[in-house]
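Undergrad: would you be able to build a 3D model of this:
(one chain, ligands or ions: 1)
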Amino acid sequence: MRYISTRGHAPSRRFTDILLAGLAPDGGLYLPESYPRISRAELDAWRSLSYAELAAAILGKFVDDIPADELKALLARTYTANVYCHTRPAEDPQQAQQITPLRTLEPGLHILELSNGPTLAFKDMAMQLLGNLFEYVLGKTGAALNILGATSGDTGSSAEYAMRGKHGIRVFMLSPHGKMSRFQTAQMFSLQDPNIYNIAVEGVFDDCQDMVKAVSNDHAFKDQYKIGTVNSINWARVAAQIVYYFKGYFSATQSNDEEVSFSVPSGNFGNICAGHIARMMGLPIRKLILATNENDVLDEFFKTGTYRPRGTAQTFHTSSPSMDISKASNFERFVFDLVGRDAAVVRELWGKVDAGGAFDLANTAHFERIRAFGFVSGHSTHADRLATIRAAYEKYGVMIDTHTADGLKVGLEQREAGVPLICLETAQPCKFAETIQEALGREPERPATMQGIENLPQRFVVMETGAAAIKDYIQTQLAE
Ligand SMILES: *Cc1c(COP(=O)(O)O)cnc(C)c1O
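TA: All right, here's what the predicted structure looks like:
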């Protein structure tokens, strides 16, 4: 299996070659040169597999430069009940052993729990694998990696919990000082692992991101200090997420003759991109329902054909903050498929996007393909979110987080009789306690492992904005 760039001007590479890479050298994103098609016999055989076994079967199709038995062992270590199932009481003891339990709200309506990992958000599903893959590959070469990132919450903590204690890896994570929730701050800053560096920047999230960009653009510094990233364009993160679409399908159906639809709360288009690939591989998915919050750039595209990314100044701060994104970094992968994998077209479209503009595919054969790909979309507002959280709690006794609520709201709008609907749960409600309090008038439940984390000692440094400060800090830490 080789990987090609969506912009067509980069040499093809193998899985472990692109594992630590970000963008392809031509500015595109890596994708498999073709999607492996799953036979009916394989689908039948996969139905009874455990999560780790299923991951080995699926990822084995995308990875041919790690020996199969070593990949299998790595996946068994990654997707184990020790890591995923300790966070909340399951409905029945059998479910407690599952990595992604399916919670049935009513016949034909389900929530696929993806937030039972260490940071209570679905990003753990992929990031935990990334941590083990990085360690594996670096172990082979004896190389080191210094991950530099900016976070306003979920991604940073997920990366830190995936990389903590990993040999050869350090994480430098910038966050806006005093701007994350107390819970998120505690989750990150209470880590005492010496390879985790929490840096509270005296500025806003954009300042943090600018610092990361400035360092990434300094190629000499980047090479000398082995700087890498773990952002959502990383192919291995997308690949890891394909697995739970298969698992969710098997959990919600009796046979492989059935179709299901998935509803996916979306920001950077990483999660639903994995769903698209699962469908291209032959998983019987009827619809992929994309849900946004008030930042509805993607909903606009799927409704009108116009992709009009907005600047950070026009991005709303909402109560589903992990979807406050106005330029979806993984979207280029999907559009590559939509335009029939014509890299010249992608280059033309992203020429406009990279220059701060928009593109319009309305009334083209490309846009017609959206229906063939099963995509529909909708968006949600703060009021919708509150109403959905309330309705789920009153009707089903289930507490859902704000992002999952966006997915459920839009999913119900697009639900079809006779087609099971699986809503992907992307975080646990206790991460967004303020909005839960507003919706339900009570505090969300919190897993035992997270009780009182705000009272733990915190380890972080405060830093002024600007690339010079972070470069200086990295140099000093690596010299020690
Ligand atoms: C990251 C995130 C999302 C959005 O996922 P994408 O892959 O960026 O589309 C949704 N919900 C939560 C809780 C997240 O952390």
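
Undergrad: contacting residues around the helix or strand hosting Asp472?
TA: According to DSSP states H and E, Asp472 maps onto helix 467-479. With contacts defined as C-beta atoms under 8 Å, 6 or more residues apart in numbering, helix 467-479 is touched by 146, 148, 170, 172, 174, 197, 199, 210-211, 214-215, 218, 221, 225, 227, 461, 463. C-beta: built from backbone N, CA, C; applies to glycine.

Undergrad: now, of these, which are buried?
TA: Among the contacts of helix 467-479, those scoring as buried are 146, 148, 170, 172, 174, 197, 199, 210-211, 215, 221, 225, 227, 463 (criterion: 16 or more other C-beta atoms under 10 Å).

Undergrad: what segments of the stretch 101-250 of the chain are strands?
TA: Under the criterion DSSP state E, counting those that start in this stretch, strands of the stretch 101-250 of the chain are mapped to 102-106, 109-113, 145-150, 169-176, 196-201, 227-228.

Undergrad: that older thread, export the buried ones among the contacts of helix 467-479 to TSV and tack on distance to the ligand?
TA: Converted to TSV, those look like this (distance: C-beta to the nearest ligand atom, whole Å):
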residue	distance to the ligand
Asn146	23
Leu148	19
Arg170	23
Phe172	20
Leu174	17
Tyr197	22
Ile199	21
Asp210	20
Met211	21
Val215	23
Phe221	28
Tyr225	27
Ile227	23
Met463	25
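
Undergrad: min pLDDT across those residues, which one?
TA: Within the buried ones among the contacts of helix 467-479, Asp210 has the lowest pLDDT, namely 88.

Undergrad: contacts only, for that residue.
TA: Thr465, Ala467.

Undergrad: mind checking how far it is from Ala469?
TA: Per C-beta to C-beta, to the nearest Å, Asp210 is found 12 Å from Ala469.

Undergrad: which pLDDT value goes with whichever residue of the stretch 1-150 of the chain sits closest to the ligand?
TA: Closest approach between the stretch 1-150 of the chain and the ligand, counting by C-beta to the nearest ligand atom: Ala121, at 4.6 Å. With respect to pLDDT, Ala121 has a value of 94.

Undergrad: what's the burial count for it?
TA: Ala121 has 25 neighbouring residues, counting by other C-beta atoms under 10 Å.

Undergrad: again with Asp337
TA: Per other C-beta under 10 Å, the neighbour tally for Asp337 reads 18.

Undergrad: check which helix or strand covers it.
TA: Asp337 belongs to helix 331-338 when assigned by DSSP H and E.

Undergrad: output that helix as PDB, nothing but the C-alphas.
TA: Provided in PDB are the C-alpha atoms of helix 331-338 (Å, rounded to 0.1, in the frame of the first residue of the first chain):
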ATOM      1  CA  PHE A 331     -11.700  18.300   3.900                       C
ATOM      2  CA  GLU A 332      -9.200  18.300   1.100                       C
ATOM      3  CA  ARG A 333      -9.000  14.500   1.300                       C
ATOM      4  CA  PHE A 334     -12.800  14.200   0.700                       C
ATOM      5  CA  VAL A 335     -12.800  16.700  -2.100                       C
ATOM      6  CA  PHE A 336     -10.000  14.700  -3.800                       C
ATOM      7  CA  ASP A 337     -12.400  11.700  -4.000                       C
ATOM      8  CA  LEU A 338     -15.300  14.000  -4.900                       C
END
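
Undergrad: quick one: contacts of the next helix or strand after that helix?
TA: Remark: after helix 331-338, the chain's next helix or strand is helix 343-354, criterion DSSP H and E. By C-beta under 8 Å, 6+ apart, the list of residues contacting helix 343-354 from outside reads 5-9, 27-28, 307, 309, 327, 332, 335-336, 339, 358-359, 366.

Undergrad: for ChimeraX, write the select line for the buried members of these.
TA: Provided next is the ChimeraX selection string for whichever of these are buried by 16+ other C-beta under 10 Å:
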select :5,6,7,8,27,28,307,309,327,332,335,336,339,359,366
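
Undergrad: when you check the ligand, which of the contacts of helix 343-354 turn up near it?
TA: Residues of those in contact with the ligand (C-beta under 6 Å from any ligand atom): none.

Undergrad: run through who's touching the helix or strand of the chain with the lowest mean pLDDT.
TA: The least trusted helix or strand in the chain, going by mean pLDDT, DSSP states H and E, turns out to be helix 81-84, with a mean of 86. Under the contact criterion C-beta under 8 Å, 6+ apart, helix 81-84 has outside partners Ala96, Gln97, Gln98, Ile99, Thr100, Asn116, Gly117, Pro118, Asp124, Gln128.

Undergrad: need these in a markdown table (columns: neighbour count).
TA: Output for these, formatted as a markdown table (neighbours: other C-beta atoms under 10 Å):
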| residue | neighbour count |
| --- | --- |
| Ala96 | 15 |
| Gln97 | 14 |
| Gln98 | 18 |
| Ile99 | 24 |
| Thr100 | 23 |
| Asn116 | 25 |
| Gly117 | 26 |
| Pro118 | 21 |
| Asp124 | 24 |
| Gln128 | 24 |
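
Undergrad: format those residues as JSON lines; extra columns: pLDDT.
TA: Converted to JSON lines, those look like this (pLDDT from 0 to 100):
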{"residue": "Ala96", "pLDDT": "69"}
{"residue": "Gln97", "pLDDT": "77"}
{"residue": "Gln98", "pLDDT": "89"}
{"residue": "Ile99", "pLDDT": "94"}
{"residue": "Thr100", "pLDDT": "95"}
{"residue": "Asn116", "pLDDT": "93"}
{"residue": "Gly117", "pLDDT": "93"}
{"residue": "Pro118", "pLDDT": "93"}
{"residue": "Asp124", "pLDDT": "96"}
{"residue": "Gln128", "pLDDT": "97"}
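
Undergrad: ok, so of the residues you listed, who is nearest Glu70?
TA: Within the contacts of helix 81-84, proximity to Glu70 (C-beta to C-beta) peaks at Gln128, which comes in at 17.0 Å.

Undergrad: which bits of the stretch 351-480 of the chain sit near the ligand?
TA: Counting by C-beta under 6 Å from any ligand atom, the stretch 351-480 of the chain sits next to the ligand at His403, Thr426, Ala427.

Undergrad: from the chain's centre, how far out does the host helix or strand of the first one sit?
TA: Assigned by DSSP H and E, His403 belongs to helix 402-414. In terms of C-alpha atoms, centre = their mean, to the nearest Å, the centre of helix 402-414 is set 17 Å apart from its chain centre.

Undergrad: equivalent analysis for stretch 409-428, please.
TA: 18 Å.

Undergrad: then that stretch to PDB, C-alphas only?
TA: C-alpha atoms of stretch 409-428 as PDB (Å, rounded to 0.1, in the frame of the first residue of the first chain):
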ATOM      1  CA  LYS A 409     -30.100  16.800  16.700                       C
ATOM      2  CA  VAL A 410     -29.000  16.700  13.000                       C
ATOM      3  CA  GLY A 411     -29.100  12.900  13.000                       C
ATOM      4  CA  LEU A 412     -32.800  12.900  14.000                       C
ATOM      5  CA  GLU A 413     -33.700  15.400  11.300                       C
ATOM      6  CA  GLN A 414     -32.200  13.000   8.700                       C
ATOM      7  CA  ARG A 415     -33.400   9.800  10.200                       C
ATOM      8  CA  GLU A 416     -35.200   7.300   7.900                       C
ATOM      9  CA  ALA A 417     -37.700   4.700   9.000                       C
ATOM     10  CA  GLY A 418     -36.200   1.200   9.000                       C
ATOM     11  CA  VAL A 419     -32.600   2.400   8.900                       C
ATOM     12  CA  PRO A 420     -30.700   2.200  12.200                       C
ATOM     13  CA  LEU A 421     -29.100   5.500  13.100                       C
ATOM     14  CA  ILE A 422     -25.800   5.500  15.000                       C
ATOM     15  CA  CYS A 423     -24.900   8.800  16.600                       C
ATOM     16  CA  LEU A 424     -21.200   9.000  17.400                       C
ATOM     17  CA  GLU A 425     -20.500  10.300  20.900                       C
ATOM     18  CA  THR A 426     -17.400  12.500  20.800                       C
ATOM     19  CA  ALA A 427     -17.000  13.500  24.400                       C
ATOM     20  CA  GLN A 428     -18.400  12.900  27.900                       C
END
